[in-house]
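Trainee: Prediction below, plus the sequence it came from.
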Amino acid sequence: LVQVIGHSNFGSIRATTCVYKGKWIYEVLISSQGLMQIGWCTLNCRFNQEEGVGDTPDSYAYDGNRVRKWNVTTTNYGKSWAAGDIVSCLIDLDEGTIAFCLNGISLGTAFDNITRGAGMAYFPAISLSFKESVAFNFGSRPLRYPLGYRPLQDPPIADLAKARKLLGYLKNVIHIGIDVTEGKLVEKDTSMWQLQGEPTVLITLAHIFNYFSPLMCKVYLVEDVLMTFLLSILERGGSVEAHPLIQQLLDLMWLLMEEYEVHECLKQLLMSLLRAYRFSPIIPDLGLQIHYLRLTIAVLKHEKSRKYLLSNVLFDVLRSVVFFYIKSPLRVEEAGLQELIPTTWWPNRFTKEGKESKEVKEESAEERLRRRAYERGCQRLKKRIEVVEGLQVQILKLLLNNKDRGGGEASRYIFLNKFRKFLQENASNRGNLTVLCPPEYMVCFLHRLITALRFFWDGHKAKTPAALSSEEAYVPPQLFYNGKVDYFDLQRLGGLLSHLKKTLKDDLAAKANVLIDPAELQAVTMDDLDEDEESATSAAQSQRPSTALAIGGALARPGWLSSPTLGRANRFLSTAAVSLMNPRRPLGALEKIKVRTLSVEQRTEEDIEGSHGNEGLLVGRPPEEPDQPITENSLLEVLDGIVMMYNLSVHQQLGKMVGVSDDVNEYAMALKDTEEKISRCPKRRRDIHEELLKSQKVFSEKLNHLSRRLAWINVTIYSKEKMQDIYWLLRVCIRTIEHGDRTGSLFAFMPEFYLSVAMNSYSALKNYFSPVNSMEELPGYEETLMRLAAILAKHFADSRIVGTDIRDSLMQALASYVCYPHSLRAVERIPEEQRISMMKNLLAPYEQRPWAQTNWILVRLWRGCGFGYRYTRLPHLLKTKPEDASLPSLQKPCPSTLLQRHMADLLRSDRDLAPSFLNSVLNQLNWAFSEFIGMIQEIQQAAERLERNFVDSRQLKVCATCFDLSVSLLRVLEMTVTLAPEIFLDWNRPSSELLLRRLAQLLNQVLNRVTAERNLFDRVVNLRLPGLESVDHYPILVAVTGILVRLLVDTDVQGAERATAVLLADPCFQLRSIQYLLGHAEPSALAAAAPATDKRHFSLHTYTEYISTEELVKVDKMLSHLSEESKQAAATTLPTSEEDLCPICYAHPISAIFRPCSHKSCKACINQHLMNNKDCFFCKATITGVDDFTKPASS
């Protein structure tokens, strides 16, 4: 077969053989269903990156991706193809026609009257886009669908005849036995035939095999003769065990053929089986797939063959993961789903947001019947698919067999080494496209592997009662640092492995009795890396263990992986010469054992499982780890590999397949909408009625197709059993993280993917499986939710975790967790000390860390308690099209009074925490709001230019983000003022007055910018630019009002007086800003706005749905209080001469003098400056103290 992969935008390739008369055929095996044009072209055709086969006059192509045919122009033709289909390309040069078939079914003549004559010969050709892949069969193997045309490569007719004749002789020997007593031949039951050492039979067979063996090395003959014969043995039904004949035949092959011949024959047989399995069309009973899987099992049951195939073929030559994949049909009618699921059903009750409604409303009798019929159809489909899945698990059970020690190593240990290599190829994304395993295969492989693993795990538990059951499975922490398992270049929680080995070598020695060879630590320098590259060969022989990073990741199959020498083989973890001591007792110098960890290829059963006094993979157990057997060590490594697989591509694939369910919901909504329109359509409008009926028909047909396809996806990917697998994986990760966490500093060695999988698998269970199966029904669900909450709460600010990406992911997961009531309650159920520690981490100063997410978490905990803060969406956005209702930010408010209480206690009790936290919040608010104002000035200037202009959408997005940040920071301030008002109002605290002054200053700034009539903010809001939807008066003004009401109305008399005095003393205070909140515009503004009668003024009174009457009364009270106080303040204030004003703010009189430089300013300026900087404003001398300054009376 000729394998072709697209390495450029739209590359074209032409065969080297052409035809000019007669009827010819070749087959294309579609491996990916993307953009390709397949067909025929002549020598004169010239292709480039835009034009390919079918885009020039003498080239003709079929494109199943867009369902069209191409010859300069394009028209609709054929059916859509999917990965796993076979396209037959037929050309009849006698009639002048070109046709195509899909899986043997003719798509009709595509082109007739093609150009023929002198100089016109046609070559097979294809154009395909990047990463697409196909394989061509010109006749080197039997055509799957011959169709009476001639393949471009003639079949080996003479060899075929010979092989069939020899096979006939072989069958005769098996059929017929010699009755020695009677002296005649008798027929025997072939299925029970055994080679019993009869010399005549043996000599006869040896004679047959003498001629038969060389033929069985030829690809065509293996597929056409041998595979067909072996399949015919299994065709009689019964289980694989009932056919020992295949085992006997394999014994014969190993006995009577040369070793290289057996190897080649088995390799070709498995390749043929894999292709046959992958490219068989889906039929209702999946009979073809079952047939090929049964033969694969029969071959793998033979121990010697299995070990050869595992060692050399399954992972090296083939992509054996394909055997565990069940492809989903794109064309449901061909797969027979119409007969299997005759009645279709889809949800037709939706919430306002367009999600399927969870409320149980009375469904009509007809609906109930349809739903039940559909569910019965799904059950029938599930039973058929379970048969295939059962066979796939059987294959894995054979590969994981650890009892077949006859003739060398058990299968499981060969599988482990190959599996690790497979993971490495997929983990280094730089890998060759041909090596990467498609994610859809990974999903199926993961589920089958989990089933097989749990079978062996529980089998071991039955024999060893002290071991753990698979329900309690976890990966012990020593696997992450003892170098026995290779994690390639995957990131650890604490950073790079080489760095961890240097920094934590003392901890490794003290806690886990693992000594790192000093030579290794010296080796990890950049010079050594370069040196290693230059002298790769000498490194192999050198005594110093080389620890350079693996550079081979970019190659399809890195040479160093299979290198038998140690030099470059052990790159990542395993380069150390690790000295291990007998745990739990002090050792003399003589007892230290030097152990060199082996490369993946070289490990034996003893290295993995351990033996007397050697713990194998589990060497270096930390004191925190219980001294109890978990399971067989080899199973722990498989489990670790499963977790890595989920992280590599399974999660993203689970998210991808949800698209079909979303499509069903969209079409169902459209259909419901159309049916409502039909019922409302007036009878006189026949034209509209007909159009609506056409739409209804299109939507119904599409839904029938999609609901059957969805049934298949729900059974193969989102079934209850699959959900339990992912849930089991989540719990494994949680237990692994908990055990790792107990080891203290050694937790840093854990690979990052364990935390990623814990978060992602929970997200998958919640978002991807939910329409079909409910997560709440899973056993121990509440406890699991709480344990995951504890992990997120503890580790989002864990100093042992250094990677910014994983820290961000933890923060986002926690932020999403507090948005949903059930997961927020789980956070509230974690132990109190962990809750308080989490809140303390959230209240750490915002400088030097990503603070937006932590701020958002605090806002979510407050949402629902703030002033006018009970909305899910902003009031002015309610009329827009609702987005995805499951987004965390669109959840209904669910505040946590418990966590708010912890926050209040922390702010009150910790005298240093509150000032540093609030100082950072005020700094960030100052920055965010200033940035926002600067950006809207630019946007306003751009909008006012006369020439046509566009505002960059990214700039609008950043501007809206700054506004949202300002609002959320104001809400955190409101939360703080409400929960612990004394931080601002109790002036016995050293920083209270300063914080209150800064708060007043910022609130006045915000009010002045936002409330001025027809100012910058007003104009930009009225432009209603796309991207600035969230920018509006309401969110920012209610947040400011909430803070003011809390300081001036909801507090004691003394507090209100202090707050009022500070607010009025701020030079930026304007009473009209407060009046604006209730729609009291200034007289001048009213006069100016008189002509524009339709201009509505902002007023909190218009938001009665969002603001309670009680809250409005408080605002009225605040306004009257401030009006009164400002009149009195104006009467008592004396004018200050300009030279007595603070030279920094020009707002307050000079009231402080600095030591030692004697420069002066007002107290507010210097106190604020000293919170962030200790240098003098003017001379940059370090300020050692600040004294009060009063102007001498004489002046």
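Mentor: Sure thing, it's come through.
Trainee: pLDDT below threshold where in the stretch 551-700 of the chain?
Mentor: Residues of the stretch 551-700 of the chain meeting the criterion pLDDT under 70: 551-602, 612-613.
Trainee: how about the strands in it?
Mentor: All strands of the stretch 551-700 of the chain, identified by DSSP state E, counting those that start in this stretch, fall at 577-580, 593-596.
Trainee: From residue 1175, how far out is residue 1158?
Mentor: Relative to residue 1175, residue 1158 is positioned 15 Å away (CB to CB, to the nearest Å). Every residue, glycine included, has its C-beta placed from N, CA and C.
Trainee: So residue 916 is in contact with residue 843, correct?
Mentor: No: the criterion here is CB atoms under 8 Å, and residue 916 misses it with residue 843 at 9.0 Å.
Trainee: and the two? which has more neighbours close in?
Mentor: residue 843 (24 against 17; other CB atoms under 10 Å).
Trainee: how close does residue 1185 sit to residue 1176?
Mentor: Distance from residue 1185 to residue 1176, by CB to CB: 12 Å.
Trainee: so what sits against both of these two?
Mentor: Residues touching both residue 1185 and residue 1176 by CB atoms under 8 Å, 6 or more residues apart in numbering: residue 1154.
Trainee: before we move on, which element is residue 109 in?
Mentor: Residue 109 is part of strand 105-111 when elements are defined by DSSP states H and E.
Trainee: as a whole number, average confidence for that strand?
Mentor: Strand 105-111 carries an average pLDDT of 94.
Trainee: Paired strands for the helix or strand that it is followed by, with orientation please.
Mentor: Sequence order places strand 123-129 as the next helix or strand after strand 105-111, per DSSP H and E. Partners of strand 123-129 in the sheet, by DSSP bridges, are strand 10-14 (antiparallel), strand 36-41 (antiparallel).
Trainee: next SSE after strand 123-129?
Mentor: Toward the C-terminus, strand 123-129 is succeeded by strand 133-137 as the next helix or strand (DSSP H and E).
Trainee: which parts of stretch 953-968 are buried?
Mentor: 956, 959-968 (16 or more other CB atoms under 10 Å).
Trainee: Ok, stretch 100-116 next?
Mentor: For stretch 100-116, the neighbour count (16+ other CB under 10 Å) marks 100-103, 107, 110-111, 114 as buried.
Trainee: Show me the contact partners of it.
Mentor: By CB under 8 Å, 6+ apart, the residues outside stretch 100-116 that reach it are 20, 38-39, 42, 58, 60, 62, 64, 69, 71, 77-79, 81, 85-91, 93, 95-99, 144-145, 147, 281, 334.
Trainee: start to end distance for it?
Mentor: Stretch 100-116 has an end-to-end distance of 19 Å (CA to CA, to the nearest Å).
Trainee: Going forward, count from 443.
Mentor: New numbering, starting at 443: the last item is stretch 542-558.
Trainee: now that stretch, how far from the chain's geometric center?
Mentor: Centroid separation for stretch 542-558 versus its chain: 42 Å, with CA atoms, centre = their mean, to the nearest Å.
Trainee: ok, then the element right after the top helix by length along the chain?
Mentor: If you go by DSSP state H, the chain has its longest helix at helix 807-841. Next helix or strand after helix 807-841 toward the C-terminus (DSSP H and E): helix 853-869.
Trainee: List the buried residues of stretch 720-734.
Mentor: Within stretch 720-734, the residues that count as buried by 16+ other CB under 10 Å are 720-724, 728, 731-734.
Trainee: ignore the last one, stretch 598-618
Mentor: Here stretch 598-618 shows 598, 601-602, 604-605, 608-609, 612, 615-616 as buried, counting by 16+ other CB under 10 Å.
Trainee: do stretch 562-575 as well
Mentor: Within stretch 562-575, the residues that count as buried by 16+ other CB under 10 Å are 564-571, 574-575.
Trainee: How about stretch 458-469?
Mentor: Residues of stretch 458-469 classed as buried by neighbour count (16+ other CB under 10 Å): 460-461, 465-469.
Trainee: In strands, which of those appear?
Mentor: Residues from the buried residues of stretch 458-469 lying in strands, with DSSP state E as the criterion: 465-469.
Trainee: quick check, nearest of those residues to residue 1252?
Mentor: Closest approach between these and residue 1252, by CB to CB: residue 469, at 50.7 Å.
Trainee: Spatially nearest residue to residue 1138 (excluding sequence neighbours)?
Mentor: residue 1116 (5.0 Å; CB to CB, 6 or more residues apart in numbering).
Trainee: next one: residue 1340
Mentor: residue 1270 (5.0 Å).
Trainee: Identify the residues contacting the helix or strand harbouring that neighbour?
Mentor: Assessed by DSSP H and E, residue 1270 sits inside helix 1263-1271. In this structure, residues lying in contact with helix 1263-1271 by CB under 8 Å, 6+ apart are 1218, 1224, 1227-1228, 1230-1231, 1235, 1258-1260, 1277, 1280, 1336, 1338, 1340-1341.
Trainee: one more time with 6 Å, if that's ok
Mentor: Contacts with helix 1263-1271, where a contact means CB atoms under 6 Å, 6 or more residues apart in numbering, come from 1227-1228, 1231, 1259-1260, 1336, 1338, 1340.
Trainee: confidence score at residue 857?
Mentor: On pLDDT, residue 857 comes in at 92.
Trainee: what does the one 3 residues further on give?
Mentor: In the prediction, the pLDDT value recorded for residue 860 is 91.
Trainee: Run through the residues that contact it.
Mentor: By CB under 6 Å, 6+ apart, the neighbours of residue 860 are residue 757.
Trainee: Repeat that for residue 1181.
Mentor: 916, 919.
Trainee: contacting residues for residue 457?
Mentor: Counting by CB under 6 Å, 6+ apart, residue 457 makes contact with 565-566.
Trainee: do you know how far the closest residue to residue 1157 other than its chain neighbours is from residue 655?
Mentor: For residue 1157, ignoring the flanking residues on the chain, the nearest one in space by CB to CB, 6+ apart is residue 824 at 4.7 Å. Applying CB to CB, the value for residue 824 to residue 655 is 45 Å.
Trainee: next one: residue 1352
Mentor: Separation of residue 1352 from residue 655 (CB to CB): 84 Å.
Trainee: can you check residue 670 too?
Mentor: Taken as CB to CB, the span from residue 670 to residue 655 is 18 Å.
Trainee: Check residue 608 too.
Mentor: Residue 608 sits 10 Å away from residue 655 when distances are taken as CB to CB.
Trainee: what about residue 528, neighbour count?
Mentor: The number of residues near residue 528, taken as other CB under 10 Å, comes to 22.
Trainee: check contacts around it.
Mentor: For residue 528, the contact set (CB under 6 Å, 6+ apart) comprises 469, 471, 545, 586, 721.
Trainee: let's see 8 Å
Mentor: By CB under 8 Å, 6+ apart, the neighbours of residue 528 are 469-472, 544-546, 586-587, 721.
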